[in-house]
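Visitor: sharing a model prediction with you, sequence too.
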Amino acid sequence: MPPIAKADANPPTYTHEDWDAVDSPELTDEELAQLRPAHEVLPPEVYAALPSRGGRPKSERPKQLVSLRLDPDVVETFKATGPGWQTRMNAVLAEAARKLRTDRAW
């Protein structure tokens, strides 16, 4: 099988007029129900060659989702600092954890 070409880095742009000129009917509910994800219908090598959907790279140490109860004034104080308050709260907790590991005196 020949190698699969990479997608063009600068794909063409389409105007509303271009889309209006398309003469193809919309899919029916039955046709939509028959559609399958690409990974189910494409050969593995073709699917693997598709461009990534983007997003961040996977972290080697992903953060863990936890649920905890905090005093309202603590949450309000951090929220009052604006967007990114959770990241700032994490930084404060990380510093406290470092201190706890080194000092062992709380």
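Guide: That came through, no problem. Values in this document were obtained by computation on a predicted structure and should not be read as measured data.
Visitor: and the next helix or strand past whichever strand or helix holds residue 47?
Guide: When secondary structure is defined by DSSP states H and E, residue 47 falls within helix 44-49. Scanning forward in sequence from helix 44-49 by DSSP H and E, the next helix or strand is helix 72-79.
Visitor: tell me the mean pLDDT for that following helix?
Guide: Averaged over helix 72-79, pLDDT sits at 97.
Visitor: same check, this time on stretch 84-102
Guide: Averaged across stretch 84-102, pLDDT comes to 95.
Visitor: can you list the buried residues in it?
Guide: The neighbour-count check on stretch 84-102 (16 or more other CB atoms under 10 Å) flags residue 89 as buried. For every residue, glycine as well, the C-beta is placed using N, CA and C.
Visitor: and that stretch, C-alpha only, in PDB?
Guide: Taking Å, rounded to 0.1, in the frame of the first residue of the first chain, the C-alpha atoms of stretch 84-102 are listed here in PDB:
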ATOM      1  CA  GLY A  84      -7.300  30.400  37.200                       C
ATOM      2  CA  TRP A  85      -8.200  30.300  40.900                       C
ATOM      3  CA  GLN A  86      -8.100  26.500  41.000                       C
ATOM      4  CA  THR A  87      -4.600  26.500  39.600                       C
ATOM      5  CA  ARG A  88      -3.500  29.000  42.200                       C
ATOM      6  CA  MET A  89      -5.100  26.900  44.900                       C
ATOM      7  CA  ASN A  90      -3.200  23.900  43.600                       C
ATOM      8  CA  ALA A  91       0.000  25.900  43.800                       C
ATOM      9  CA  VAL A  92      -0.600  26.900  47.400                       C
ATOM     10  CA  LEU A  93      -1.400  23.200  48.300                       C
ATOM     11  CA  ALA A  94       1.700  22.000  46.400                       C
ATOM     12  CA  GLU A  95       3.900  24.400  48.400                       C
ATOM     13  CA  ALA A  96       2.300  23.300  51.700                       C
ATOM     14  CA  ALA A  97       2.900  19.700  50.700                       C
ATOM     15  CA  ARG A  98       6.600  20.400  49.900                       C
ATOM     16  CA  LYS A  99       7.000  22.100  53.300                       C
ATOM     17  CA  LEU A 100       5.300  19.200  55.000                       C
ATOM     18  CA  ARG A 101       7.600  16.700  53.300                       C
ATOM     19  CA  THR A 102      10.700  18.700  54.300                       C
END
